[in-house]
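Colleague: What shape does this take:
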Amino acid sequence: MARYKWLPVIQEELCTACNACVEACGPKCLEIGNESYAVLTNPDICGSEEHCIAPCPEECIQMQWVECEGNTARGKWKFEDA
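Modeller: Numbering: from 1, shown residues only. Have a look, this model is predicted:
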């Protein structure tokens, strides 16, 4: 069974590394990486709350269902038969 989690996906080419999403992320699962754009470094602790989207001045973050492993008690999950 495939497991999908509702996670922020960053369009790297649009991100200016302004840090607004990192500051808005309560669980601290986003960071500005060495590549100079935001990176979801810890998807397991993401609560799927979408707080990172609104502060982004470049509108480069969208929520998507991403195939993922981890603690299904945290965040929004859906399961599909393979």
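Colleague: make it CA atoms for all contacts and neighbour counts henceforth
Modeller: Noted.
Colleague: mind checking the backbone torsions on Asp44?
Modeller: Main-chain torsions, Asp44, degrees, to the nearest 10: phi -60, psi -30.
Colleague: partners of the lengthiest strand in the chain, with directions?
Modeller: Looking across the chain with DSSP state E, the single longest strand is strand 2-10. Strand pairing for strand 2-10, determined by DSSP bridges: strand 61-67 (antiparallel), strand 77-80 (antiparallel).
Colleague: got the buried residues for the following helix or strand past it?
Modeller: Counting by DSSP states H and E, the next helix or strand C-terminal to strand 2-10 is helix 20-24. Neighbour-count burial for helix 20-24 flags 21-22, 24 (criterion: 16 or more other Cα atoms under 10 Å).
Colleague: what's the span of stretch 50-62, first residue to last?
Modeller: 9 Å (Cα to Cα, to the nearest Å).
Colleague: mind listing what Asp81 touches?
Modeller: For Asp81, the contacting residues are 1-2, by Cα atoms under 8 Å, 6 or more residues apart in numbering.
Colleague: what number of residues lie near Glu50?
Modeller: For Glu50, the count of nearby residues is 17 (other Cα atoms under 10 Å).
Colleague: List the contacts of it.
Modeller: Contacts of Glu50 (Cα under 8 Å, 6+ apart): 8, 63.
Colleague: Could you do Glu12 as well?
Modeller: Taking Cα under 8 Å, 6+ apart as the criterion, Glu12 is in contact with 37-38, 60.
Colleague: Next step: these restricted to helices.
Modeller: Among the contacts of Glu12, none falls in helices (DSSP state H).
Colleague: So which of those residues wins on neighbours?
Modeller: Ala38 (25 neighbours).
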